[in-house]
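Student: sequence and predicted structure below; questions after.
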Amino acid sequence: MTHYAFPPGGLPEQDEDPVGTAIFTTAYAVLPACTHRDIVTSLLPDWTDTRVWILARPLSGFAETFAQYAVEVAPGGGSKRPEPDPDAQAVLFVAEGTMSLILDGKHHSLTAGGYAYIPPHSAWQVHNPADNPLKFHWVRKKYQSVAGLSRPDAFVTSDLERTPTPMPNTDKWATTRFADPNDLRHDMHVNIVTFQPGGRIPFAETHIMEHGLYVLEGEADYLLNDQWVRVGPGDFMWLRAFCPQACIAKGHTPFRYLLYKDVNRHPALTL
Ligand SMILES: NC(=O)N[C@H](N)C(=O)O
């Protein structure tokens, strides 16, 4: 059965040795699942009974484009004003529990695998109507509008309803695309990438798109710049533009991750 990872939370034992697997460099970061404990969560204005692991944010003036959160909403919690920035668009991806989403006046109920694209200037609300926690991933990006192009339409779907598109020349690497790649109104994609055991990115991809990469299930060796790192469920990777990347899926089950990338726009020019 498909499983979608989420930060484990909890507290480490006081006699544990600190695990030194987190990596932070100017080109990439690795925040392993074991670093996502209770004491690194944030609370947000206008959200009740909710805690958030903020995994990525624009950081340095090198034009990072997105923020990425893992959000845990206790029963009865949620928000009537989830997004303070009207220019921000969002992708919500449910890992566990039930999400009640009101989007532009329409009600949607999302369970594990559920996916919502929320354009900028949308009216939306999120609540947890169930008796168990709602756990979801939230990617935020300020929408970069273009003269003559309207904003993209909202949509709600599920990983379980989508058919992954195989990558060229392989049956071991496929991408589940939620937005139409030819629809230039979109300036970000949040896809799910799936590798069968032994599947690989067989060269060091080096491109302008930034990535937030949350491992949903399975294991792999991942190349970041010049370093190979073993990653598994709940590990998060942040890659700045042009950071070389490749991977080899290990183990006996599919390796899957939620992948943010910025797309379809000119880079801003500075003097
Ligand atoms: N690291 C990745 O999975 N990269 C993808 N091939 C991508 O950039 O779409």
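Tutor: Sure, I can see it.
Student: what residues does this protein put near the ligand?
Tutor: Residues of the chain lying close to the ligand (Cβ under 6 Å from any ligand atom) are 193, 205, 209, 211, 245, 259, 261. For the C-beta atoms, the positions are set from N, CA and C on the backbone; glycine is no exception.
Student: and with 5 Å instead?
Tutor: Contact residues (Cβ under 5 Å from any ligand atom) of the chain with the ligand: 193, 245.
Student: quick check: longest strand of the chain.
Tutor: Counting by DSSP state E, the longest strand found in the chain is strand 66-79.
Student: just the buried positions in that strand, please.
Tutor: Within strand 66-79, the residues scored as buried using 16 or more other Cβ atoms under 10 Å are 66, 67, 68, 69, 70, 71, 72, 73, 75, 77, 78, 79.
Student: what bridges to the fourth one?
Tutor: If I follow you right, that is residue 69. When assigned by DSSP bridges, residue 69 has beta-bridge partners residue 54, residue 138.
Student: gap between it and the ligand?
Tutor: Distance of residue 69 to the ligand, computed by Cβ to the nearest ligand atom, to the nearest Å: 20 Å.
Student: who are the contact partners of that residue?
Tutor: Residues near residue 69 by Cβ atoms under 8 Å, 6 or more residues apart in numbering: 52, 53, 54, 55, 137, 138, 139, 140.
Student: nearest residue to residue 230 other than its sequence neighbours?
Tutor: Distance criterion Cβ to Cβ, 6 or more residues apart in numbering; nearest residue to residue 230, sequence neighbours excluded, is residue 221 at 5.7 Å.
Student: ok so that neighbour is a strand residue?
Tutor: Yes - under DSSP: H, G, I helix; E, B strand; the rest coil, residue 221 falls within a strand.
Student: confidence score at it?
Tutor: Predicted confidence (pLDDT) at residue 221: the value is 98.
Student: for the longest strand of the chain, output the C-alpha coordinates as CSV.
Tutor: What follows is strand 66-79, C-alpha atoms only, in CSV (Å, rounded to 0.1, in the frame of the first residue of the first chain):
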residue,chain,number,x,y,z
PHE,A,66,9.7,28.9,-2.4
ALA,A,67,8.8,27.9,1.1
GLN,A,68,7.9,24.4,2.1
TYR,A,69,6.2,23.1,5.2
ALA,A,70,5.1,19.9,6.8
VAL,A,71,1.9,20.8,8.7
GLU,A,72,0.2,18.8,11.5
VAL,A,73,-3.4,19.8,12.4
ALA,A,74,-4.9,18.3,15.6
PRO,A,75,-8.6,17.2,15.5
GLY,A,76,-10.8,20.3,15.2
GLY,A,77,-7.9,22.6,14.2
GLY,A,78,-7.2,24.5,11.0
SER,A,79,-7.5,28.0,9.6
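Student: which of the contacts of residue 69 lies closest to the ligand?
Tutor: residue 139 (14.4 Å; Cβ to the nearest ligand atom).
Student: give me the spatial nearest neighbour of that closest one, chain neighbours excluded.
Tutor: That would be residue 91: by Cβ to Cβ, 6+ apart, it lies 4.6 Å from residue 139.
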